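**Q** quick one, structure for this:
(chains A and B)
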Amino acid sequence: MTTDVLVIGGGPAGMAAALSARDNGADVVLIERDKRLGGILNQCIHPGFGLAVFGQELTGPEFAGRYIQRIRETDIKVMLGTIALSLSKDGTAVAQSEEGIQEIRAKAVVLATGCRERPRGAINIPGTRPAGVFSAGTAQKLINCCGYLPGKRAVILGSGDIGLIMARRLTLEGAKVEAVCEILPYSSGLKRNIVQCLDDFGIPLLLSHTVTRIFGKDRLSGVEISKVDESRKPIKGTERRIDCDLLLLSVGLKPEIELCVDAGIEIDPVTGGPYVDDRMETSAPGIFTCGNGLHVHDLADYAAEEGERAGKNAAEYAKSITKNSALAVKCYKVRAGRGVRSVVPQYVSSGEALISIRVSEPVNNAELLVLSGGDIIKRVKKLSFTPGEMVRIPVKGITSDVTVELKRKGVAAGG
Amino acid sequence: MDNTKKITCIICPRGCIIDVKVENGEVKSIKGNQCRRGADYASTEVLHPKRVITTTVYVPAFDCMLPVRSDKPVPKEKIKDIIPVIKGLSIRRPVRMGDVLIRDIEGVNIIASSDMGMEQFQHTN
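**A** Numbers count the residues shown, from 1 in each chain, chains lettered A, B, ... in the order given. As a prediction, the model looks like this:
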């Protein structure tokens, strides 16, 4: 099969990419391994989506539904139950479905493969290996899509938004959530989720705490939690056991980059996703990326907006309007300066770009400075910056390499 | 009736802890907020806290879970009464996103958050 633009992944970023590539005149094939479009939105039944894109608050399935409806009205070729097995640098993918294996040759490719959860093995919790230890997103899918409650007494490790939302979900489904433990001295989740998912139900949030042992032979029977010191090391003597049959891990997400590695695309060790330019193009000319497969987002709305840009640029590439990857020619670099953990894009090929950053730690009353050629070309003042929040900065007037850094102000700094 | 409630503001990531003093069902004073929006949020949260309900319902006919929601926020204390009613739903027909499944329960409707029993797309391989 041949096409102008192949989009791999049918979540918010992939659907938006497919639509915008089609709107820009390309023939589009969209492949999705699940039996329906929507990606992770299908299991996110809670509200909080759509404010940026649709100006109203929707649940995940409703947000997906809007895009699905629009795709239905186009001639985008949607292939469900189809997984990309490999991708080569020239834009040829090998895909498998019930029908068998086939090759899809595309002039441009948009990767929208989403992210994966870090598992128990990534954080090395000592103890036995019983059933009952799940990643939070897996438990979310079991409850919301499969109608299966994976336990009755739960401890949640990690207070990012997925962990918080699962605390509420488990409670509403009749399970008892004993505690949410967070190794850091602050939660990376939204305040809104702490209030509405924990406080509403009286679930304790234990900051500077982690799980230090797992008990149980066949089924989880309990966990040992401990306080941690400033360097996140468990403090001896603070151990306490909580009986439970379910431990959920909400301990971070990483972009899914198997296909990128396959195609020899360069990866940023900080974001865990590919290096891109302001057009969302990777180091392989004609292969674009967006959404959580590029860097982990806080809002699906922004993943979709990124997909829209990637799709448009892929369509233009397919039409041979643009053939120069900024990464190939390495125009201007964008660097994370003091107080900033990550930047996307890492390269810019034109004078303007939308730069997404995450700060390293919570800071109040601070200012983000965007520096280029010795000048401050943009300032973003905010009462509060937290690592859980992605800050998006539209920047113009880029004439040389760019650095984004955080400048603390006043005495209130240090969150 | 006289009491002071502590509210964590959710308007921005700063999360101010706001003290709201209530007398006879009226807000008498608000302290700890750093902006106007925080004051508005805190007084609503003390007098009439409301939440949108979302959950899922098992539909045997299609062997799948249907996500549902309230079309408006409901008083927080009613959530535990409404959830069992939703769980008792028996759905036997295909559903379109937005279809009303329960009409007027505690002043809101319960609606479907997703299509169900309808093919999204033909498998086109």
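**Q** now residue B:105: how far from chain A?
**A** Shown here: residue B:105 relative to chain A, a distance of 16 Å by C-beta to the nearest C-beta, to the nearest Å. Yep, even glycine has a C-beta here, placed from its N, CA and C like the rest.
**Q** does the helix or strand hosting residue B:66 reach chain A?
**A** Residue B:66 is located in strand B:64-70, with elements delineated by DSSP states H and E. Yes. If you take C-beta under 8 Å from any C-beta of the partner chain as the test, strand B:64-70 does meet chain A, through B:64, B:65, B:67, B:69.
**Q** who touches the third one in this structure?
**A** When the contact criterion is C-beta atoms under 8 Å, 6 or more residues apart in numbering or on different chains, the partners of residue B:67 are A:45, A:59, A:60, A:61, A:144, B:54, B:55, B:56, B:112, B:113, B:114.
**Q** again, only using 6 Å
**A** Applying C-beta atoms under 6 Å, 6 or more residues apart in numbering or on different chains to residue B:67 gives the contacts A:45, A:61, B:56, B:113, B:114.
**Q** parallel or antiparallel, list what pairs with the next helix or strand after the strand holding residue B:66.
**A** The first helix or strand that comes after strand B:64-70 along the chain, using DSSP H and E, is strand B:74-75. Taking DSSP bridges as the criterion, strand B:74-75 sits next to strand B:50-51 (antiparallel) in its sheet.
**Q** check which residues of the lowest-mean-pLDDT helix or strand in chain B are buried.
**A** Within chain B, confidence by mean pLDDT, DSSP states H and E is lowest for strand B:2-8 among all helices and strands, at a mean of 83. By neighbour count, and taking 16 or more other C-beta atoms under 10 Å in any protein chain shown as the criterion, the buried residues in strand B:2-8 are B:7, B:8.
**Q** and the next element down the chain from that strand?
**A** With elements assigned by DSSP H and E, the helix or strand that comes after strand B:2-8 is strand B:17-23.
**Q** what's in contact with stretch A:52-71?
**A** For stretch A:52-71, the surrounding residues in contact (C-beta under 6 Å, 6+ apart) are A:15, A:19, A:37-38, A:41-42, A:44-45, A:47, A:49-51, A:301, A:304, B:54, B:67, B:69, B:97, B:113-114.
**Q** tell me the SS of residue A:15?
**A** helix (DSSP: H, G, I helix; E, B strand; the rest coil).
**Q** any idea how far chain B is from the nearest residue to it once chain neighbours are set aside?
**A** Once its chain neighbours are removed from consideration, residue A:15 has its nearest residue in residue A:67; the separation is 4.1 Å (C-beta to C-beta, 6 or more residues apart in numbering or on different chains). For residue A:67, the distance to chain B (C-beta to the nearest C-beta) stands at 11 Å.
**Q** also residue A:334?
**A** When distances are taken as C-beta to the nearest C-beta, residue A:334 and chain B turn out to be 24 Å apart.
**Q** OK, contacts around residue A:118?
**A** Contacts of residue A:118 (C-beta under 6 Å, 6+ apart): A:251, A:252.
**Q** how about the residue of the stretch 201-350 of chain A found nearest chain B, nearest residue that isn't a chain neighbour?
**A** Closest approach between the stretch 201-350 of chain A and chain B, counting by C-beta to the nearest C-beta: residue A:201, at 9.7 Å. Of all residues not flanking residue A:201 in the chain, residue A:171 sits nearest, at 4.8 Å (C-beta to C-beta, 6+ apart).
**Q** quick check: phi and psi on the one you found?
**A** Backbone dihedrals for residue A:171, given as degrees, to the nearest 10, come out at phi -60, psi -50.
**Q** go ahead and confirm it touches residue A:199.
**A** No. If you go by C-beta atoms under 6 Å, residue A:171 and residue A:199 don't touch, sitting 11.9 Å apart.
**Q** these two - which one has more neighbours?
**A** The residue with more neighbours, out of residue A:171 and residue A:199 and counting by other C-beta atoms under 10 Å in any protein chain shown, is residue A:171; that gives 18 against 15.
**Q** how near is that one to chain B?
**A** Looking at residue A:171 against chain B, where the rule is C-beta to the nearest C-beta, the gap reads 10 Å.
**Q** what does residue A:80 give?
**A** 6 Å.
**Q** ok, that residue - contacts?
**A** With C-beta under 6 Å, 6+ apart as the criterion, the residues that contact residue A:80 are A:32, A:35.
**Q** residue A:12 too?
**A** A:300, A:303, A:304.
**Q** now stretch A:200-207: buried residues?
**A** Applying 16+ other C-beta under 10 Å to stretch A:200-207 flags A:200, A:201, A:203, A:205, A:206 as buried.
**Q** is residue A:398 in a helix, a strand, or coil?
**A** When the structure is reduced to helix, strand and coil (three-state DSSP), residue A:398 reads as coil.
**Q** now do the same end-to-end measure for stretch A:187-196.
**A** From the first residue to the last, stretch A:187-196 extends over 14 Å; the measure is C-alpha to C-alpha, to the nearest Å.
**Q** with distance to residue A:9, secondary structure and pLDDT added, can I get the contacts of residue A:12 in JSON lines?
**A** Output for the contacts of residue A:12, formatted as JSON lines (distance: C-beta to C-beta, whole Å; DSSP: H, G, I helix; E, B strand; the rest coil; pLDDT from 0 to 100):
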{"residue": "A:300", "distance to residue A:9": "13", "secondary structure": "helix", "pLDDT": "95"}
{"residue": "A:303", "distance to residue A:9": "11", "secondary structure": "helix", "pLDDT": "97"}
{"residue": "A:304", "distance to residue A:9": "12", "secondary structure": "helix", "pLDDT": "98"}
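**Q** are any of those residues buried, and if so which?
**A** Applying the neighbour count, that is 16+ other C-beta under 10 Å, the buried entries in the contacts of residue A:12 are A:300, A:303, A:304.
**Q** and the residue nearest to residue A:201, how far is that from residue A:160?
**A** 18 Å (C-beta to C-beta, to the nearest Å).
**Q** with residue B:67 instead?
**A** For residue B:67, the distance to residue A:160 - C-beta to C-beta - is 22 Å.
**Q** returning to that earlier point: so for the residues of strand B:64-70 next to chain A, which is the shakiest by pLDDT?
**A** By predicted confidence, these are weakest at residue B:64, whose pLDDT stands at 88.
**Q** what sits closest to that residue if chain neighbours are left out?
**A** Leaving out its chain neighbours, the residue that sits closest to residue B:64 by C-beta to C-beta, 6+ apart is residue B:116, at 6.5 Å.
**Q** can you list the weak-confidence ranges in chain A?
**A** Within chain A, the stretches with pLDDT under 70 are A:321-330, A:410-415.
**Q** any idea how it splits into domains?
**A** A:2-115+A:254-324, A:119-249, A:335-412 (automatic domain parsing).
**Q** distance to residue B:93 added to those, as TSV?
**A** As requested, these are arranged in TSV below (distance: least, C-beta to C-beta, whole Å):
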stretch	distance to residue B:93
domain A:2-115+A:254-324	18
domain A:119-249	19
domain A:335-412	41
